[in-house]
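J.: Provided below for reference: sequence and predicted model.
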Amino acid sequence: MTQAPELDLAQTATADDIFAAGAADIPSNVFLGTSTWAFPGWKGLVYKRAYKSERDFTQRCLEEYARIPWFRTVCIDSLFYNPPSPETLKRYASQVPEAFQWVSKVWERLTILRYPKHARYGSLAGQDNLDFLNVELFRERVLAAYDDPAVLDRSGPFVLQFAPFSPQVMSYGEFLERLAEFLLKLPKGPRYAVEVRNRELLTGGYVRALNEAGATHVFNHWSSMLSLKEQMLKVAEAGGLTADFYVARLLTPRGVSYEGAAKMFEPYDRMQQPSPEMRGDVLRLVKRAVATGKKVFVTANNKAEGNSPLTMVTLAKLILAARPQAAEAGPSVGQ
């Protein structure tokens, strides 16, 4: 799977492509999907059913989303703000096929170093987080909600997202030591992925901490982070990833803040700013996964290009278009 000259990385899928045939030809270890799913701007594009109310839509539209063959995963972003309830996860499980595997964001209470000075944190705003990387809290408030077999079967990676931080808040060395200790103490079985947004952390120590615990790095396309390709090169230079899966999250255009992307792209009802570089880098990662037999989970936010369903169907079609061509992995990211 290579970036051949005739492969048009700027061309975008159409609304008709969302329901076109071809998804069965995507390798079974490739999981493509969006970051969350209940967007009114997708009505008429992804969602065709009539819903009784907005509540009915938000409660049931995952079933309609998951019936689109291109979409084999979705990132449950809401779990970043509140720990999951068993009932909610069971409802999600009842709405998706057995082969579907979602990506779970991990509750921010476990990954914030210091609470931002924001009203939603109340009295905690501006305070150091005493629950940072608390293994018991993760077991009790997060993992316990996944006990149901139907939920576990549909659960892909858990993503630990760490906001960019200053070494004055915590040194990078201490962060890596605490991360390594936390990952080694986590229950075995689930897949764990770490999303750091400090480019300085992409070091040999970081990659060793991931590999020793069987975890992986989340290749994130985000405002001030290195490009996906540059992240792959950094990881490869540090020894490569040995976990049996990859994760990529396509969040915002580089150089654009989350808030800025929201203003640019709302109400997320159409493609607005295609990113050929990002798409090409995703193809490199998918090619590596296919070549090594590893699972790869790729999810896109609406704020990446304007409409994440069209981003993901575009990537799916590019994967299909690239498959017959000569293998050229690009930068290595694993063993």
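T.: Thanks, I have it. Numbers count the residues shown, from 1 in each chain.
J.: CA atoms for contacts and neighbours, from now on please.
T.: OK.
J.: the strand or helix carrying residue 88 packs against which elements?
T.: Assigned by DSSP states H and E, residue 88 belongs to helix 86-95. If contacts are counted by 3 or more CA pairs under 8 Å, 6 or more residues apart in numbering; DSSP states H and E, helix 86-95 sits against helix 54-66, helix 149-153.
J.: if you set the cut-off to 7 Å instead, what comes out?
T.: Contacts defined by 3 or more CA pairs under 7 Å, 6 or more residues apart in numbering; DSSP states H and E place helix 86-95 against helix 149-153.
J.: next secondary structure after the helix it packs on?
T.: The helix or strand immediately downstream of helix 149-153 is strand 155-162, counting by DSSP H and E.
J.: in its sheet, which strands sit next to that next one, and in what direction?
T.: Taking DSSP bridges as the criterion, strand 155-162 sits next to strand 102-105 (parallel), strand 192-196 (parallel) in its sheet.
J.: what's the average pLDDT for the last one?
T.: The one in question is strand 192-196. Mean per-residue pLDDT for strand 192-196: 98.
J.: need the contact partners of it.
T.: By CA atoms under 7 Å, 6 or more residues apart in numbering, the residues outside strand 192-196 that reach it are 157, 158, 159, 160, 161, 162, 163, 215, 216, 217, 218.
J.: from those, which is closest to residue 235?
T.: Set against residue 235, the nearest of the contacts of strand 192-196 by CA to CA is residue 217 (8.5 Å).
J.: picking up where we left off before, residue 116: which of the strands paired with strand 155-162 is closest?
T.: The closest of the strands paired with strand 155-162 to residue 116 is strand 192-196. By CA to CA, the value is 17.1 Å.
J.: quick check: next helix or strand after the closest one?
T.: Where DSSP H and E defines the elements, the next helix or strand beyond strand 192-196 is helix 204-213.
J.: which strands and helices sit next to that following helix?
T.: The contact analysis (3+ CA pairs under 7 Å, 6+ apart) places helix 204-213 against helix 172-185.
J.: recalculate using a threshold of 8 Å.
T.: On the basis of 3+ CA pairs under 8 Å, 6+ apart, helix 204-213 makes packing contacts with helix 172-185, strand 216-221.
J.: now do stretch 32-52: distance from first to last residue.
T.: From its first residue to its last, stretch 32-52 covers 29 Å (CA to CA, to the nearest Å).
J.: and that stretch, average pLDDT?
T.: Averaged across stretch 32-52, pLDDT comes to 96.
J.: low-confidence stretches in the stretch 151-300 of the chain?
T.: Along the stretch 151-300 of the chain, the model assigns pLDDT under 70 to no residue.
J.: follow-up on the earlier one: quick one: closest of the helices and strands packed on helix 204-213 to residue 10.
T.: strand 216-221 (16.9 Å).
J.: note down every partner strand of the closest one and its orientation.
T.: According to DSSP bridges, strand 216-221 has these partners: strand 192-196 (parallel), strand 245-250 (parallel).
J.: just name the most buried of those strands.
T.: Neighbour counts (mean count of other CA atoms under 10 Å) averaged over each of these peak at strand 245-250, with a mean of 24.
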